[in-house]
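*Asks:* Take this sequence and fold it.
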Amino acid sequence: MLEWSELWQAATALGSVGALALSVYAVLSARNRQDVAELIDSKNRHETRLARIETEVAHLPGAQTVHELQLSMTEMKGQLAVIVERVAPIKAIAERLQENLLEHGR
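*Replies:* Numbers count the residues shown, from 1 in each chain. Now for the predicted structure:
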């Protein structure tokens, strides 16, 4: 038969093993809580950034609008070329007048 002292030693050993197991569990669960908290914080930061990007993208012009702008700019380049061509004689007149004024000292 087992004596009380042997039972007491076995109970003490089991208690020590149980305390060790609880300590390991506490450390691991604390680390997991910290990891989960960091993940939640990271997720919240990413959601904020994504919302900001979505807001910016919503204000950008679409492909059709960009195409229309390109066509308008091409048309404006053509019109500007016509204006430059029509202003060239006026420029020549102004240059001749300036030379004339410089030659005659006025």
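*Asks:* what about Leu60, which SS state?
*Replies:* Judged by DSSP: H, G, I helix; E, B strand; the rest coil, the three-state class of Leu60 is coil.
*Asks:* The helix-or-strand element of the chain with minimal mean pLDDT packs against which elements?
*Replies:* Among the helical and strand segments of the chain, the one scoring lowest on mean pLDDT, DSSP states H and E is helix 4-58, with a mean of 84. Here helix 4-58 touches no other helix or strand, going by 3 or more CB pairs under 8 Å, 6 or more residues apart in numbering; DSSP states H and E. Bear in mind the C-beta positions are built from the backbone N, C-alpha and C, glycine included.
*Asks:* Next secondary structure element downstream of it?
*Replies:* helix 63-104 (DSSP states H and E).
*Asks:* okay, now the domains of the chain?
*Replies:* Annotated domains of the chain cover 1-60, 62-106 [automatic domain parsing].
*Asks:* any idea how far Ala26 lies from Ala13?
*Replies:* 20 Å (CB to CB, to the nearest Å).
*Asks:* what's around Leu20, how many residues?
*Replies:* Neighbourhood size, Leu20 [other CB atoms under 10 Å]: 10.
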